[in-house]
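Here's my sequence, what's the structure:
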Amino acid sequence: MPRRLTAFTPSGDLHLGNYFGAIEPLVRAQVPGETFVFVSDLHALTLPHDPAEVRTRTTEFARLLLACGVDPARSLFAVQSHVPEHTELHYLLECATGFGEARRMIQFKEKSARGQRVRLSLLTYPILMAADILLYDTEEVPVGEDQRQHVELARDLAVRFNADYGPVFTVPRAVNPPVAARIKDLATPAAKMSKSVSPAGALRLLDPPDVLRRKVMRATTDTGDAVTHDPVARPGVANLLTILSACTGVTPEAAAETFGGYGELKRAVADAVIAVLEPIQRRYAELAAADPSELLGSGAAAARRVARPKVRAARAAIGLLDYAETPGICPIA
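Model prediction:
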């Protein structure tokens, strides 16, 4: 198995697209020593936020990922900010990044073009994301198309750093989970299901069954009443069939042949979504009573054991003294 890293930023709510696009594939393919999973809380600070909510969301995301099947015995599982090597390598990589490269990243480019007040961290967070990836000799990063540009930046920085200072980093590649690209917003099926943009159009992993059913039954469909899988001409129905396919394993084309109308299709989709999410929600409720700090502390310690040698190699390559060579500065414990 290639070494893979997947990170989830604790803003908004995890939804069905996140589950089938990122969580379920990583749970299915967990390999000890090769699967790295992080709650990337530092990335939640790039926009205005409530500090208490960031802490609450970080714990919620950690518990929810565990409820979905992330296994700390088979994956290295930690919170990003608990591993200070992420921010140390971030600065070293900034010293190898051009301002023009950072300015071209899509989120900063769009928000600054609209005249919005943006934080400096919105400009530099793709470099922090590169540090997240390069710290662990990551070979594959599962991302949607909106994040592919950031993995390409990580690739460019790894190649440049290795050429300028010596072979330190593994050059990663982006892999695009196919289902993630296909599950759309229920209210606006031309758009991807989002953690924060459209509450009515997102099937959140912690939505109660009655809420899930109501959202599906109100989903946007198309003119006419024929149930066919045609993402271009009939995006609303195609999206419902895609969700049903993800939940049941039946292809969208085969599923379409079994329904005579939209109401029947929507009821089947609601039943399938609830069947997938109810066990996750039960497990989450069990975990909600437990304090995850010890587990996350163990994950952070394991991550630091992997990350420390990489940062020290990068420090030495770029020209910094090693810890032991500097009087009065102790090595990291």
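
Correct me if wrong, but Val216 is in a strand.
No: per DSSP: H, G, I helix; E, B strand; the rest coil, Val216 lies outside any strand segment and is helix.

which residues touch it?
By C-beta atoms under 8 Å, 6 or more residues apart in numbering, the residues touching Val216 are 186, 203, 240, 266, 269-270, 273. Quick note: C-beta positions are derived from backbone N, CA and C, even for glycine.

what do you get for Val276?
Applying C-beta under 8 Å, 6+ apart, the residues near Val276 are 16, 19, 247.

Can you flag which of those residues belong to helices?
In helices, defined here by DSSP state H, the members of those are 16, 247.

can I see the domain layout of the chain?
The record's domain parsing of the chain by automatic domain parsing lists 4-180+291-325, 185-287.

Export those as JSON lines, with columns for mean pLDDT.
As requested, the domains of the chain are exported to JSON lines (pLDDT from 0 to 100):
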{"stretch": "domain 4-180+291-325", "mean pLDDT": "91"}
{"stretch": "domain 185-287", "mean pLDDT": "92"}
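
what about Ala78, distance to Val276?
27 Å (C-beta to C-beta, to the nearest Å).

between the contacts of Val276, which is closest to Arg173?
If you rank these by distance to Arg173 using C-beta to C-beta, Tyr19 comes first, at 23.5 Å.

May I have the residues that are in contact with the nearest residue to the closest one once chain neighbours are set aside?
Among residues not flanking Tyr19 along the chain, Leu205 sits closest, at 6.1 Å (C-beta to C-beta, 6 or more residues apart in numbering). Leu205 makes contact with 13-16, 18-19, 64, 68, 277, 280-281, according to C-beta under 8 Å, 6+ apart.

Top of those residues by number of neighbours, please.
Counting neighbours by other C-beta atoms under 10 Å, Leu64 comes out on top of these with 27 neighbours.

Span of stretch 182-193 from start to end?
This stretch, stretch 182-193, spans 9 Å end to end (C-alpha to C-alpha, to the nearest Å).

I meant to write stretch 46-56 there.
End-to-end for stretch 46-56, by C-alpha to C-alpha: 17 Å.

Perfect, I'm done here.
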